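# Need the 3D shape of this:
(one chain, ligands or ions: 1)
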Amino acid sequence: MSSIVDYQVQGHVGVITLNHPPVNALSVSKGLLQGVLDAIKEGEHDTAVKVFLLIGAGKNFSGGADITEFGKAAPPGLANLRDLVSYMDTVTKPMVAAISGPTMGGGLELAMATHYRVAITGAQIGLPEVKLGILPGAAGTQRLPRLVGAAVAVEMITTGDPVSTERAKELGIVDEIVEAPLLPAAIKYANRLVREGKPIRRASALTTAVDGDPDAFFAAARERVAKAFRGYPAPLECLACVEASVKMPFKDGLRFERERFEVLVATTESKSLRHAFFSERAANKIDDVPDSTPVREIKSAAVIGAGTMGGGIAMNFVNAGIPVKVLEAAQDRLDKGFDIIRKNYAATVAKGKLSQAAMDKRMSLLTGVLSYDDLKDADIIIEAVFEEMDVKKEVFRKLDAVAKPGAILATNTSTLDIDQIAAVTKRPQDVIGLHFFSPANVMRLLEIVRGAKTAHDVIATSMKLAKTIKKVGVLVGVCDGFVGNRMVHAYFREAGFLIEEGALPQQVDRVLEEFGFAMGPFRVGDLAGLDIGWAIRKRQAATRDPNERYTKIGDMICELGRFGQKTGAGYYRYEAGNRKRIPDPEIEALIVRASAEAGITRREISDQEILERCVYQLVNTGAKILEERIAQRASDIDIVYLFGYGFPRYRGGPMFYADCVGLDNVLAAIKRYEAIGPQWKPAALLAKLAAEGGRFNG
Ligand code: NAD
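Next up, the predicted model:
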């Protein structure tokens, strides 16, 4: 028997323990599932055994499939989960699953193949496969609806969201909630089943309950799911499987589930979602900073500046229970910043998503200060003052004078050279960029910008800190705009050229929204405020290369006082109390005028050209970023785009998308646009990979 399954007979109970740390992943290749099958077969022949108990060693039952086996052929001769759960349906001694901790995917499918389930409080129970673009393929879509009814099963399987122990009990997934420790409680329960002569109870023998007419129910569900998960094929296939559980016998339902599973696994969307999943984990790996690098302790933090970013950054720390001192230049600005933070939390409390006590606790961890002396104990200090080099340098000189030795000194700059900032201190090894995205308390992305002299343990600590404050940290290098903004700048600029050449904002936005972006570039501009970019452009005007193409449309719109949603008008107009964009003939006239002034004859621009020009600008710039080693790997760029820029997850990120299109095709398109301007010179890395038939992502 496999060593990762332990089998012991305790009285009348054959106890099968999954022992595959850290989460009891259901490994085929290591023989875990075969081990469970062998244990069951052994117990079936043992007259002493009257009941089986399946339990996980450690904190949970099973987190599901072994992700290290994804995409790999299973070794022959070893049972997989489907083999195991179908065998379990033939067993004639009662079986109990003892559930604790995350019990997900295959873990729940295994538990549902037993006859009775007990759980302790604190478990998370769900079928999250849809999040990887697939469906529960070991009878999960057939057993869960039979246990909980069609409506709940549709909700659980199409969203992939788990339920608590208590909810699982209400739904009928769990039969009894028991007190920890789980093993003795579950053995007691199993013995009671035997004593009371409880029957075998197979989920496969039940019928799925549906409220009302099944056809009407599934038609309405299909409409809802299609709308909620636009672009994702898996939720609809999950729904079809639940429908099969109503309309087909169990055996046929299994066949249907398998067929739909095979279809989904092969989709680009599923490959993209799996790429996203693995890329998030890969981003934690830093080539020259091993996992064993010691980290510095972060027990207290400070933030300089209580503006848009500083307030949000401070919230991240107090949300994680880390006290923060916030320094401002004047008391009134501090008051203003704290007011906004308070209102932000109060809104969450009003929505019922945070208790008043939790809000009070968080606010109590925030201290406003006006003197740098108050920062001398902070383990990390993050600067979020105005985006001006001289102001930042002044702040860092002061921090260098007061911060304790070993404190991490971070800047939230979006564009400035971190090495120049570090150079004003006597400790450039302690200086790093922590680039949060707005709103900083909401957006998951954190670009961690390493300077030329940043110490390894400062990088390792920052990566760990990202997790502590629930961000997705991606290590990047110094360049204008780092990874995310440097690429998005190329994307926005191309969108501007497209409207100057003949498209309109509503067409460009529609194309990119149909591609899957939450918002097209002009809608984003209107939401973020057009005045910020305008101010930067005015500052850059004196040093701009006069031969560089520059579209004046953005400036002309700002000159009308149209700064976007906050002024009721930008690229679109907006009606009071409403965020709905309304295309504006005045803007169309302005754009037509701008084209004429630039000497451009407007032409019809196809949707395909819009899509290619915007997305391939991201790709070509991303390729240059890789060439320059600003990003460690293509998948890190994808993560930046998935978590910071609303790139559709089912397309895997810009670099993975390019891989899916085929780099030869991408290169051919880029070459078609080469005459438009220097931004279309293909990146050397792209040209090389395309010639080799290679991919950005391995
Ligand atoms: P902001 O103008 O809203 O806030 C800046 C705050 O810093 C103000 O409250 C100001 O009073 C304070 N301040 C200025 N000089 C100071 C000093 N010497 N000492 C103490 N406080 C001082 O600006 P913001 O949007 O929060 O941007 C801050 C930084 O974050 C900038 O570097 C910006 O590039 C970067 N950033 C901004 C965004 C964004 O979307 N707004 C996103 C990422 C990064």
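# Where does the stretch 1-150 of the chain get nearest to the ligand, which residue?
residue 131 (28.0 Å; CB to the nearest ligand atom). C-beta: built from backbone N, CA, C; applies to glycine.
# Correct me if wrong: that residue contacts residue 273.
Yes: here residue 131 reaches residue 273: they are 6.8 Å apart, a contact under CB atoms under 8 Å.
# The two: who's more crowded?
residue 273 (22 against 19; other CB atoms under 10 Å).
# Quick check: pLDDT value at that one.
In this model, residue 273 is scored at 97, pLDDT.
# Skipping its backbone neighbours, what lies nearest residue 92 in space?
residue 200 (6.4 Å; CB to CB, 6 or more residues apart in numbering).
# and the one you found, how far is that from residue 82?
20 Å (CB to CB, to the nearest Å).
# Those two: which is more packed in?
Set residue 200 next to residue 82 and count neighbours by other CB under 10 Å: residue 82 wins out with 18 against 13.
# Without its sequence neighbours, what residue ends up closest to that one?
Residue 82 sits nearest to residue 138 (CB to CB, 6+ apart), 4.9 Å away.
# Just confirm the one you found contacts residue 83, I think it does.
No: using CB under 8 Å as the test, residue 138 is too far from residue 83 to be in contact (9.2 Å).
# If you count surrounding residues, which of those two has more?
The residue with more neighbours, out of residue 138 and residue 83, is residue 138; 30 against 15, by other CB under 10 Å.
# Can you classify the more buried one by secondary structure?
Taken by DSSP: H, G, I helix; E, B strand; the rest coil, the conformation at residue 138 corresponds to coil.
# What parts of this protein come near the ligand?
Proximity of the chain to the ligand (CB under 6 Å from any ligand atom) is limited to residues 304-310, 327-329, 333, 384-387, 391, 395, 412-414, 436-438.
# and if we set it to 8 Å?
Counting by CB under 8 Å from any ligand atom, the positions of the chain adjacent to the ligand are 304-311, 327-330, 333, 336-337, 383-387, 391-392, 394-395, 411-416, 435-438, 440, 528, 532.
# Filter those residues down to the buried ones.
For the residues of the chain next to the ligand, a burial check counting by 16 or more other CB atoms under 10 Å picks out 304-306, 309-311, 327-328, 333, 337, 383-385, 387, 392, 395, 411-414, 416, 435-437, 440, 528.
# Below-threshold pLDDT in the chain: ranges please.
By pLDDT under 70, the low-scoring segments of the chain are 1-2.
# 90 - rerun?
1-3, 67-76, 387, 415, 532-533, 535-542, 545-548, 576-579, 698 (pLDDT under 90).
# which residue does it bring closest to the ligand?
For the chain, CB to the nearest ligand atom, closest residue to the ligand: residue 307, 1.8 Å.
# End to end on stretch 322-333, go ahead and measure it.
Stretch 322-333 has an end-to-end distance of 23 Å (criterion: CA to CA, to the nearest Å).
# Apologies, that question was intended for stretch 471-489.
23 Å.
# how about it: buried residues?
Under 16+ other CB under 10 Å, the buried positions of stretch 471-489 are 471-479, 481-489.
# before we move on, what about stretch 369-378?
Applying 16+ other CB under 10 Å to stretch 369-378 flags 372, 375, 378 as buried.
# just to revisit the earlier point, which residues does the residue of the chain closest to the ligand contact?
333, 337, 384-385 (CB atoms under 8 Å, 6 or more residues apart in numbering).
# ok, now with 7 Å
By CB atoms under 7 Å, 6 or more residues apart in numbering, the contact set of residue 307 is 337, 384.
# and what of residue 125?
99, 103, 108, 162-163, 168, 173.
# do the same with residue 300
Contacts of residue 300 (CB under 7 Å, 6+ apart): 322-323, 377-379.
# Pull the number of nearby residues for the closest residue to residue 452 other than its chain neighbours.
Distances taken as CB to CB, 6+ apart put residue 419 closest to residue 452, at 5.1 Å, once the chain neighbours are dropped. Using other CB under 10 Å, residue 419 is surrounded by 14 other residues.
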